[in-house]
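Next one to model:
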Amino acid sequence: MATAHENRSSLPIPDLERPHLTPYDAKDAESAHPPVERLRPPAGAPNVLVVLLDDAGYGSSSVFGGPCQTPNFQKLADRGLRYTKFHTTALCSPTRAALLSGRNHHTVNMGAITEIATSAPGMTSMRPNTCAPLAETLRLNGYATAQIGKCHEIPVWETSPIGPFDRWPNHGGGFEYFWGFLGGQSDQYYPTLYENTTPVKPKALPEDGYTLNEEMADKAIGFLQRKASLAPDRPFFLYYAPGATHSPHQVPAEWSDKYRGRFDAGWDALREETLARQIALGVVPADTVLTERSEGLPAWEETREEMRPVLARQMEIYAGFMEQTDHHVGRILDELEQQGILDDTLVFVMVGDNGASAEGSLQGSLNDMIAMNGMEIETPERLRAAIDQLGTPESYNHYAAAWAHAMCAPFQWTKQVASHFGGTRNGMIVHWPAGISAEAGVREQFTHVIDVAATVLDVAGIPEPTTVNGVPQKPYEGTSLAYSFDDAAAPERHTTQYFEMLGNRGIYHNGWTAVTKHRIPWQTGGQALPAFDDDVWELYDTTQDWSQARDLSAEFPDKLHALQRLWLIEAVKHNVLPLDDRAAERGVAAVAGRPEPVAGNTQVLYSGMSLAEASAINTKNRSHAITAQIVVPDSGATGVIAAIGGNVGGWSLYAHEGRVRFAHNFFGLDTTVMTSDRELAPGAHALRIEFAYDGGGLGRGGTYTMFLDGEETAGMRVEHTTPAAYTASEGLDIGRDLGSAVSADYPPLDNDFTGTIDRVQIDVGELDPEHRVAEYHLQLFTGHAMQ
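Got it, this is the predicted structure:
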């Protein structure tokens, strides 16, 4: 059995048996054998807790001068280190893939989010088996491993219940336990959850006080308690990734009401206040300049006065959401302290996987799926009328883009914009009193998310593996931060780093940055993009200009050219090329080169199945039919037969009050329901819903017709349909509607069909991929998918 002194470079560590005398009789005096040794890491290897928040800019948390109070993060900072030049990739999936692998995001094929992966190297979303994740390396060295929360690193065509699971947290990601959600975001009140690879329901309803943040912390604490009880000598690696503070911004009023009136002065004043606090805290230099408001964002004084209360309320919700998240992370820290192991645990808290999100439009939204579908159909009047719904289970809200810019103070730009620090710089806290002898303080060395994995292996005394499961491994591309733990003045070792996201790109080298913004993040509608060679580059000396406020490109053209060339070299080295700024094409699997989740025009499903929306056959923008074979018991039947989406959009076929019903939910704005004119009698039945699509573009209307045992029993007309995605978190369910309810006729969670479902079949009409792309270009990305 492996011991601490054996070679750990080839994983799994081979089970080697040393030659020894083999007695015939176990009772022989010479038959004694050494005891079986459990696999454990090298002596002194610490517990590791990695906390990664979502969509939080540098200027959000109070630890880094922001307005959102995070007292538990502050406790860690008061006894730990604040890294003020920590960087991410500017987008969700890429940052997470880089964090979990120790390699750059293009190296592990996560050049963008999984939903727009292509067949190009660096863009496939398929982590190579030559880049084993950190968790797998730690597990094969004896760590107990768990991931709680968000997982947005699985190729979309592999998110089905049949797998393969090679890139799920459990098993291929190296985590022995996973509990959380798949995809970019989650409803905080009605999450769609998985335990390992099995769909599960949340433990309660929002009317019972439920939020995802609380149950996430419960699951993390449960893991820690099980480990303490059953394997107290086994170090753990716990990766905790809340859905917060990604949209939808949802939090009980007890948290958001703490901030009532706090943001009435607007986003411009907030940026100024934040910079003043940052200077006072020492997390930016005293001479830091507040950058100009990013192009296209309105000044607060330019907003309509009657809109200001709803705009301010959006920010109150966000701040309460972050504070609630901090509270539940604090519960995990309390558990570690109660077990007496907090000081022995290396804790990383990354306040954001990218800058704050400006994807909620210039006015914000009650349902951010509207903007994600490229639509501009929410009026200011509707937002004002629904102000009290913000943050509640009835909304799926996002704040105005200018609030995101304020959360990234003092920098330019926001999430997606990898060229500028507003998109890539996030605050990070490191807490490890048992391993860091220096007093609490600030670390100003340039660091990047790929440095975390290298740091963990370094302090654990575990070498980077050369082979894992027989596959030779690529070296880690990050730099251990351990050199800076006890030496604030240590020269930085991560001296060169490329950035690229959606065509926005930049390079850091020895304090200088050359950057170019290619696209604007809040323009989900039309956006005329320049040729890459026509992008305008800027140059900053960040040793003198901490916030990238003074462009020096005209003064030092030779320096700019040298850095542009260096960016190109790094891009070639890490699979960044070809650059890809396409939008519509990358959303279409056949054009992007991704595998289609469903082959052909038919999908047959069975009771109890739950699929991610990306794994279900696509019924949008085409005629289709839904056929269900069911058996109704003598007592009658109620509940959901098939449903996709949730209360912010989707469709549902269900039994209610003795009849079959079908509901079409258009972004939560309008739900149209048709009811069979015949009762649903006991016995076997064939149900069929046919939809005749109008055509002529995306998101057009059509006519639904219901058939019961071959006879037409109902019909209805809808003027508009969802063009691209119903939700970003809920999927297709058979025999139930997990998550929020598509229709108000039945309750969330408690809506299982009480009869028997033999099968459900969905058939769709033909849709030429090239035609679909053309329609996207013409309508969806000009903001007119629906007229």
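
how about stretch 287-307: buried residues?
288, 290, 291, 293, 294, 297, 298, 300, 303, 307 (16 or more other C-beta atoms under 10 Å). Every C-beta, even on glycine, is put in place using the N, C-alpha and C of the backbone.

what pLDDT does the second one get?
Spelled out, that is residue 290. At residue 290, the model reports a pLDDT of 98.

neighbours around residue 198, how many?
For residue 198, the neighbour count with other C-beta atoms under 10 Å is 9.

give the contact list for the nearest residue to it once chain neighbours are set aside.
Distances taken as C-beta to C-beta, 6 or more residues apart in numbering place residue 161 nearest to residue 198, at 7.9 Å, with adjacent residues excluded. Contacts here follow C-beta atoms under 8 Å, 6 or more residues apart in numbering; on that basis residue 161 touches 197, 198, 199, 609, 610, 611.

Likewise for residue 456?
Contacts of residue 456 by C-beta under 8 Å, 6+ apart are 48, 134, 138, 237, 346.

Quick check: phi and psi at it.
phi -60, psi -50 (degrees, to the nearest 10).

what do you get for the one 5 residues further on?
According to degrees, to the nearest 10, the main-chain angles of residue 461 amount to phi 70, psi 30.

which regions of the chain lie under the pLDDT threshold?
Filtered on pLDDT under 70, the chain yields the residue ranges 1-6, 524-526, 766-787.

Buried residues, the longest helix seen in the chain. List them.
Criterion DSSP state H: the longest helix present in the chain is helix 308-338. For helix 308-338, the neighbour count (16+ other C-beta under 10 Å) marks 310-333, 335-336 as buried.

chain center to it: distance?
18 Å (C-alpha atoms, centre = their mean, to the nearest Å).

Which elements pack onto it?
strand 47-52, helix 71-78, helix 212-230, helix 253-256, strand 345-351, helix 380-385, helix 401-407 (3 or more C-beta pairs under 8 Å, 6 or more residues apart in numbering; DSSP states H and E).

Deepest in the core, which of these is it.
helix 401-407 (a mean of 30; mean count of other C-beta atoms under 10 Å).

circling back to that earlier point, list the ones among the contacts of residue 161 that fall in strands.
198, 199, 610, 611 (DSSP state E).

Give me the nearest residue to the second one, chain neighbours excluded.
In this structure, residue 199 finds its nearest non-sequential neighbour in residue 610, 4.3 Å apart by C-beta to C-beta, 6+ apart.

Have a look at the protein and report its longest strand.
strand 683-693.

Partner strands of whatever helix or strand comes next after that strand, with direction?
Proceeding C-terminally, strand 683-693 gives way to strand 702-708 as the next helix or strand, assigned by DSSP states H and E. As defined by DSSP bridges, the strand partners of strand 702-708 come to strand 683-693 (antiparallel), strand 711-718 (antiparallel).

any idea which of those is most buried?
Comparing the strands paired with strand 702-708 by mean count of other C-beta under 10 Å gives strand 683-693 as most buried, with a mean of 17.

who's in contact with it?
Identification of contacts with strand 683-693 by C-beta under 8 Å, 6+ apart yields 619, 621-632, 641, 653, 660, 662, 700, 702-710, 721, 765.

if we go to 6 Å?
622-631, 660, 662, 702-707, 709 (C-beta atoms under 6 Å, 6 or more residues apart in numbering).

For whichever strand or helix holds residue 94, what is the distance to the chain centroid?
In this assignment (DSSP H and E), residue 94 forms part of helix 92-101. Distance of helix 92-101 from the chain centroid (C-alpha atoms, centre = their mean) equals 10 Å.

Extract the C-alpha trace of that helix and format it as CSV.
In CSV, the C-alpha atoms belonging to helix 92-101 read as follows (Å, rounded to 0.1, in the frame of the first residue of the first chain):
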residue,chain,number,x,y,z
CYS,A,92,-18.0,32.0,-15.7
SER,A,93,-17.2,28.6,-17.3
PRO,A,94,-13.7,29.6,-18.3
THR,A,95,-12.7,30.9,-14.9
ARG,A,96,-14.1,27.7,-13.2
ALA,A,97,-12.3,25.5,-15.7
ALA,A,98,-9.1,27.3,-15.1
LEU,A,99,-9.5,27.2,-11.3
LEU,A,100,-10.2,23.5,-11.2
SER,A,101,-7.4,22.5,-13.6
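
and that helix with strand 47-52, angle?
With axes from the mean of the first three to the mean of the last three C-alpha atoms, to 10 degrees defining the directions, helix 92-101 sits at 170 degrees from strand 47-52.

ok, and what's touching helix 92-101?
88-89, 105, 108, 110, 113-114, 131, 133-134, 152-153, 184, 353-354, 449-450, 452.

Could you point out the helix or strand that follows that helix?
helix 134-139.

Report all helices and strands that that following helix contacts.
For helix 134-139, the elements it packs on are strand 144-151, judged by 3 or more C-beta pairs under 6 Å, 6 or more residues apart in numbering; DSSP states H and E.

Tell me the strands beside the strand it packs on, with direction?
strand 177-182 (parallel), strand 236-241 (parallel).

Turn those into TSV, columns for distance to residue 577 and mean neighbour count.
Formatted as TSV, these follow (distance: least, C-beta to C-beta, whole Å; neighbours: other C-beta atoms under 10 Å):
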stretch	distance to residue 577	mean neighbour count
strand 177-182	29	23
strand 236-241	30	26
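
Could you export the ones you listed to a markdown table, including columns for distance to residue 28?
Formatted as a markdown table, the strands paired with strand 144-151 follow (distance: least, C-beta to C-beta, whole Å):
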| stretch | distance to residue 28 |
| --- | --- |
| strand 177-182 | 43 |
| strand 236-241 | 41 |
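
For residue 678, which of these is the nearest?
Residue 678 lies closest, by C-beta to C-beta, to one member of the strands paired with strand 144-151: strand 177-182, at 39.2 Å.

Kindly export the closest one (C-alpha atoms) in PDB.
What follows is strand 177-182, C-alpha atoms only, in PDB (Å, rounded to 0.1, in the frame of the first residue of the first chain):
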ATOM      1  CA  TYR A 177     -19.500  14.100  -3.500                       C
ATOM      2  CA  PHE A 178     -21.400  16.700  -5.500                       C
ATOM      3  CA  TRP A 179     -24.600  18.600  -4.600                       C
ATOM      4  CA  GLY A 180     -25.700  21.600  -6.600                       C
ATOM      5  CA  PHE A 181     -26.900  22.700 -10.000                       C
ATOM      6  CA  LEU A 182     -25.700  22.600 -13.600                       C
END
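
Let me know the secondary structure of the residue nearest to residue 498 when sequence neighbours are not counted.
Nearest residue to residue 498, sequence neighbours excluded (C-beta to C-beta, 6+ apart): residue 570, at 3.9 Å. Assigned with DSSP: H, G, I helix; E, B strand; the rest coil, residue 570 falls in the helix class.
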